[in-house]
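>>> got a sequence here, can you build the structure:
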Amino acid sequence: MNTTTGRNKKDWAVYLSLAAFLLSLLSLTRSGAIRAFSAAEDGDTWKSVRQYPPLVFNSMAWLDCSISSTANGRQVMTTTSGQGFTFDATMLPITKSSLKLTNQKGMLYKFDSFPTAAVRAKFNGLGEGTIVEMKAEVEVAVSRFSQAGGPGTAIHFTAADIAPDSAYVEFTGVFVRASDHKPFPFRVLFGRVDEGSGTIIPKSAAPDTTLLSKAVTLGSFVHPATVVTALYEAEEDVAKLRAP
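Just a heads-up that it's a prediction; the model follows:
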């Protein structure tokens, strides 16, 4: 009876020790996960990406954008020369926009827009991939326009009407290359526009209103616009050099 009792106590002690070990291991695992999560939240996981200056590319491209506040729209970017993006994205209805008639002849409109889902894209020099994050910011000032129907009706303008260097079109996001699943945070900025046109439908007849819809082309296949693209790339195998 005493032998059996002693064996039971020994087995129970072993069980408790094993349980304590497993709880300690679980605690370490959880704390490690928390530290890893905190590091990701702090942006440390992108340290290798931001450690070196971005790649900067100059290219020529044109943009065709038809977007609305009531239905999905479309944004097509085509790079005709140099290193840059080519994609065809379905865009969500715009929820944030502004349209101001600055005087009897001038106008300023701006809006933010987002794709409905990930966008298949090609970047010349990097290959095929997918844009998994993206925001489009547009701000365009024109020095003159036509509005034949009067206040509240369609506003028309051409590239010649756009004030010099005042067409601000920026795409910000992350491109993931298909060949190796490598992420490239990017920023695309359109520059000088020598050809193109636009039609803006205001939400109301007020001089300060929002956009109901817009259809704009910046550049063309024959006369594209200038584009600057900055890409961050993780460089994990750069040799650490000793002093000579």
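>>> contacts only, for residue 170.
136-138, 187-190 (CB atoms under 8 Å, 6 or more residues apart in numbering). In this view, the C-beta of every residue, glycine as well, is placed from N, C-alpha and C.
>>> give me the subset of those lying in helices.
Residues of the contacts of residue 170 located in helices (DSSP state H): none.
>>> which one of the residues you listed sits closest to residue 214?
residue 138 (8.7 Å; CB to CB).
>>> tell me the confidence at the closest one?
Per-residue confidence for residue 138 comes out at a pLDDT of 93.
>>> correct me, but it touches residue 108?
No. In this structure, residue 138 is not within contact of residue 108 by CB atoms under 8 Å, at 11.1 Å.
>>> the more surrounded of those two?
residue 138 (25 against 15; other CB atoms under 10 Å).
>>> and that one, what does it touch?
Residue 138 is in contact with 65, 109-113, 168-170, counting by CB under 8 Å, 6+ apart.
>>> same thing but at 10 Å, please
Neighbour list for residue 138: 63, 65, 67, 75, 94, 97, 109-113, 167-171, 190, 211, 214, 216, 218 [criterion: CB atoms under 10 Å, 6 or more residues apart in numbering].
>>> how is the chain partitioned into domains?
Split into domains by automatic domain parsing, the chain comes to 2-42, 52-231.
>>> would you turn these into CSV with distance to residue 242?
Listed next are these as CSV, based on distance: least, CB to CB, whole Å:
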stretch, distance to residue 242
domain 2-42, 29
domain 52-231, 19
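>>> among the ones you listed, where is the model least confident on average?
Minimum mean pLDDT among the domains of the chain: domain 2-42, a mean of 42.
>>> if we can go back for a sec, quick one: which of the contacts of residue 138 sit in strands?
Using DSSP state E, the members of the contacts of residue 138 that fall in strands are 63, 65, 67, 75, 97, 109-113, 167-171, 190, 211, 214, 216, 218.
>>> from the residues you listed, keep the buried residues only.
The neighbour count (16 or more other CB atoms under 10 Å) marks 63, 65, 67, 75, 97, 109-111, 113, 167, 169, 171, 190, 211, 214, 216, 218 as buried among those.
>>> return the most buried member of the domains of the chain.
For those, the largest average neighbour count (mean count of other CB atoms under 10 Å) is found in domain 52-231, namely a mean of 17.
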